[in-house]
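**Q** sequence below, structure please.
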Amino acid sequence: MIALREAYQAGLLGRPNWLPNLIAGVIVGVVALPLAMAFAIASGAKPEQGLYTAIIAGLAVAICGGSRLQIAGPTGAFVVILADITARYGIAGLETATLLAGGMLLLLGIARMGNVIRFIPAPVILGFTSGIGMVIWVGQWPEFFGIASPASRHFHEKAWELLHTLPDLHLPTLLLAGTGLLLTIKGNRLPGLKRVPGPLIALLAVTLIQYFAQFDGVRTIQSAFGGIPQALPAFIAPDLSLSRILELIGPAFTIAMLGAIESLLSAVVADGMAGTRHDANQELIGQGVANLLCPLFGGFAATGAIARTATNVRNGGTSPLAGIVHSVTLLIILLLGAPLAGHIPLPVLAAILFVVAWNMSEAHRFVYTLFHAPRADIAILLITFVLTVFTDLVVAVQIGVILAILQFMRRMAGAVTVSAQSEPDLQHELAAMGRDSLPPGVMVFSIEGPFFFAAVEQCERALIATHTEPRQQIIRLRNVPFIDMTGLQTLEKIIRQLQARHIPVTVCEANPVVLGKMAKADLLELLGEDGYRTTLQAALSIQYPVTHGNKTQ
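**A** The predicted structure is shown next:
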């Protein structure tokens with residue numbers, strides 16, 4: 001409840017702030033109405049389940065979340081994965097997976113993993129969101145054009161089947177969908193409707209057209225789902241048997257990861273718009289609570305909704321009160337307007353999802369990245385996009401993240417250098433020590449950058465491959481921020497090989513963290529009494545006898 005407490009401490013819950021948050025909450029609730037139903041239908045659920053999800057998740061995140069401006073509910077990012085889960089395991093399986101995902105999100109927040117999850121690379125996020133947008137767009141063709149839903153599961157087979165059935169489109173359905181699409185995009189530019197959300201204008205207008213025209217063959221919520229119950233949702237106990245949990249643990253993990261990413265991205269967007277600062281870990285806790293509660297009352301997976309959160313900020317929302325009002329608004333609409341919702345044509349919901357898919361695709365960013373990003377990032381973007389569209393969102397995110405990590409390690413390894421420092425390189429440091437030159441036979445090497453597994457080969461090659469037999473070899477670690485186990489093992493190997501050649505080794509200037517790891521790995525014991533010094537000056541002060549080959553003079 002950090003956001004709620006901070007809002008109270010900042011005076012944002014006081015009477016002067018009630019009206020702007022009330023107005024923002026009502027507006028967001030109205031915007032959420034068509035989206036919640038559209039996302040539910042696209043996910044394989046009933047339209048009222050989308051409303052239940054928006055009401056419960058919006059309330060839970062407003063009270064328990066870490067962003068005072070976050071609006072939670074069903075989102076487009078979930079549609080692809082939820083539709084697949086529903087197709088495989090049924091709506092009961094979706095509810096169980098959501099409950100498990102809620103527990104995972106709660107644990108992630110308690111373990112303070114919020115800041116880590118935000119480090120998913122931008123090409124991966126853009127790749128899978130653009131891919132999701134593409135899948136949603138094609139997935140809404142049957143309702144938009146009034147054609148039969150494809151029997152195939154794979155994207156390319158669905159698209160090919162839909163293209164073949166396009167000539168059999170239902171003209172009244174297409175006209176209603178086209179009208180809805182136009183009003184969704186341009187509706188708020190009509191006189192007197194500037195502050196009315198486009199999706200709401202489209203929903204009302206197309207519903208009225210169908211109500212009075214009564215076009216044959218146009219699917220509505222009533223004809224497709226039997227209408228929306230005018231009542232509160234009943235408690236549902238999900239199946240939590242061990243076999244069911246093991247079966248759904250993978251899909252649940254996907255929901256949790258995608259929900260965490262989406263909610264934290266939404267919170268960052270809100271911070272950028274309003275100048276606030278969210279608590280990432282508390283936000284995950286709030287999302288966890290929401291996803292634990294939603295499936296108990298007929299809902300499904302929810303997360304922070306970027307578009308609705310931005311709408312909240314733009315309309316004057318300043319505190320969690322707006323999120324609470326948003327939920328109350330939807331609840332009132334459910335209890336009072338459910339019978340009217342049965343007349344809503346499905347083509348207008350498909351048109352709204354067309355716009356959602358376009359916004360999710362971020363086509364301008366996608367194209368810009370293709371022409372301006374480094375080649376490795378372009379490759380990661382395209383691979384993630386193609387895998388999202390043609391295989392599976394889980395596979396796409398996993399492979400995208402793995403490729404991004406490998407690319408990062410390659411860049412980090414390339415940033416590590418080992419250089420031999422000659423007297424001209426050390427001129428100023430030697431002068432500060434009162435020296436004109438290095439002692440005879442002393443070689444100084446400096447490692448620059450993290451000494452980790454991806455960089456050990458070049459470090460080992462540079463430090464061991466000396467063509468002379470120096471009297472002393474000094475290894476400077478002052479610019480090594482950290483060292484891992486592989487780096488420690490490599491450093492030990494270097495020291496032993498040099499000592500086997502009777503070349504004394506002195507390591508110096510390690511930071512406290514690196515020094516502590518060296519001590520724990522027994523490297524200080526291996527180096528001996530004179531093997532480590534805190535400064536270069538102290539290392540140069542050690543007196544070693546001059547050697548020729550392996551013979552001491």
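
**Q** in the helix or strand hosting residue 200, what's buried?
**A** Assigned by DSSP states H and E, residue 200 belongs to helix 198-213. Of the residues in helix 198-213, 198, 199, 200, 201, 202, 203, 204, 205, 206, 207, 209, 210 count as buried by neighbour count, 16 or more other Cβ atoms under 10 Å. No exception for glycine: its C-beta is placed from N, CA and C like everyone else's.

**Q** convert the C-alpha atoms of that helix to CSV, please.
**A** Presented in CSV, the C-alpha positions along helix 198-213 are these (Å, rounded to 0.1, in the frame of the first residue of the first chain):
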residue,chain,number,x,y,z
GLY,A,198,-13.0,7.2,-29.4
PRO,A,199,-13.7,3.6,-28.4
LEU,A,200,-16.8,4.7,-26.4
ILE,A,201,-18.1,6.7,-29.3
ALA,A,202,-17.7,3.8,-31.7
LEU,A,203,-19.3,1.4,-29.2
LEU,A,204,-22.4,3.5,-28.7
ALA,A,205,-22.8,4.5,-32.3
VAL,A,206,-22.4,1.1,-33.9
THR,A,207,-24.6,-0.5,-31.2
LEU,A,208,-27.4,2.0,-32.0
ILE,A,209,-27.0,1.4,-35.7
GLN,A,210,-27.3,-2.4,-35.3
TYR,A,211,-30.2,-2.0,-32.7
PHE,A,212,-32.3,0.0,-35.1
ALA,A,213,-31.2,-1.6,-38.4
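
**Q** name the residues that touch the helix or strand that comes right after it?
**A** Proceeding N to C from helix 198-213, the next assigned helix or strand is helix 221-225, under DSSP H and E. By Cβ atoms under 8 Å, 6 or more residues apart in numbering, the surrounding residues in contact with helix 221-225 are 37, 41, 46, 47, 227, 228, 341, 342, 343, 344, 346.

**Q** quick one: which of those is most hemmed in?
**A** When neighbours are counted by other Cβ atoms under 10 Å, residue 37 leads the contacts of helix 221-225 with 28 neighbours.

**Q** and it, that's in a strand?
**A** No. The assignment for residue 37 (DSSP: H, G, I helix; E, B strand; the rest coil) gives helix, which keeps it out of a strand.

**Q** from residue 149, how far off is it?
**A** Counting by Cβ to Cβ, to the nearest Å, the gap between residue 37 and residue 149 amounts to 18 Å.

**Q** what of residue 516?
**A** The separation that residue 516 has from residue 149, given Cβ to Cβ, amounts to 62 Å.

**Q** picking up where we left off before, could you list which of the contacts of helix 221-225 belong to helices?
**A** Applying DSSP state H to the contacts of helix 221-225, the entries found in helices are 37, 41, 47, 341, 346.

**Q** residue 303: what's it in contact with?
**A** Counting by Cβ under 8 Å, 6+ apart, residue 303 has contacts 57, 72, 75, 77, 78, 258, 259, 260, 262, 263, 266, 287.

**Q** what's the nearest residue to the third one if we skip its chain neighbours?
**A** Of all residues not flanking residue 75 in the chain, residue 305 sits nearest, at 5.0 Å (Cβ to Cβ, 6 or more residues apart in numbering).

**Q** gap between that neighbour and residue 27?
**A** Distance of residue 305 to residue 27, given as Cβ to Cβ: 14 Å.

**Q** repeat that for residue 85.
**A** Residue 85 is 32 Å from residue 27, by Cβ to Cβ.

**Q** do you have the strands of the protein handy? List them.
**A** 72-73, 303-304, 417-421, 442-448, 472-479, 505-508, 532-533, 547-548, 551-552 (DSSP state E).

**Q** point out where the stretch 51-200 of the chain drops to low pLDDT.
**A** For the stretch 51-200 of the chain, applying pLDDT under 70 flags the ranges 117-119.

**Q** grab the most central residue of this protein for me.
**A** Compute the mean C-alpha point of the chain, and by Cα atoms, centre = their mean the closest residue is residue 261, 2.6 Å away.

**Q** does that one touch residue 122 like I think?
**A** No. With contact defined as Cβ atoms under 8 Å, residue 261 does not reach residue 122; the gap is 11.6 Å.

**Q** outside of stretch 509-516, which residues touch it?
**A** Applying Cβ under 8 Å, 6+ apart, the external contacts of stretch 509-516 come out as 451, 476-478, 480-483, 518, 532-536.

**Q** can you do 7 Å?
**A** 476, 477, 478, 480, 482, 483, 518, 534, 535, 536 (Cβ atoms under 7 Å, 6 or more residues apart in numbering).

**Q** can you report phi and psi for the residue nearest to the second one when sequence neighbours are not counted?
**A** Nearest in space to residue 477, with sequence neighbours left out and distances taken as Cβ to Cβ, 6+ apart, is residue 510 at 4.2 Å. When read as degrees, to the nearest 10, the backbone of residue 510 gives phi -70, psi 140.

**Q** what about residue 510, distance to residue 482?
**A** 11 Å.

**Q** what's the burial count for the residue nearest to residue 477?
**A** 23.

**Q** flag every buried residue along the longest helix anywhere in the chain.
**A** Looking across the chain with DSSP H, the single longest helix is helix 76-110. Of all the residues in helix 76-110, those buried under the rule 16+ other Cβ under 10 Å are 76-86, 89, 91, 93-102, 104-106, 108-109.

**Q** do the same with stretch 238-252
**A** In stretch 238-252, counting by 16+ other Cβ under 10 Å, buried: 238, 244, 247, 248, 251, 252.

**Q** same check on stretch 523-537?
**A** Buried-residue list, stretch 523-537, by 16+ other Cβ under 10 Å: 523, 524, 527, 530, 531, 532, 533, 536.

**Q** thinking again about what came up before, ok, so of the buried residues of helix 198-213, who is nearest residue 12?
**A** For the buried residues of helix 198-213, the closest approach to residue 12 (Cβ to Cβ) belongs to residue 200, at 26.9 Å.

**Q** contacting residues for the closest one?
**A** Contacts of residue 200 (Cβ under 7 Å, 6+ apart): 30, 31, 34.

**Q** of those - the most surrounded one?
**A** Ranking the contacts of residue 200 using other Cβ under 10 Å puts residue 34 first, with 28 neighbours.

**Q** quick check: pLDDT value at that one.
**A** pLDDT recorded at residue 34 is 90.

**Q** I'd say it and residue 350 touch.
**A** No. Using Cβ atoms under 7 Å, residue 34 is not in contact with residue 350, being 11.0 Å away.

**Q** redo the buried residues of stretch 523-537 as a markdown table? Include pLDDT and distance to residue 335.
**A** Shown next, in a markdown table, are the buried residues of stretch 523-537 (pLDDT from 0 to 100; distance: Cβ to Cβ, whole Å):
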| residue | pLDDT | distance to residue 335 |
| --- | --- | --- |
| 523 | 93 | 70 |
| 524 | 92 | 72 |
| 527 | 91 | 76 |
| 530 | 80 | 82 |
| 531 | 90 | 78 |
| 532 | 93 | 74 |
| 533 | 93 | 77 |
| 536 | 92 | 77 |
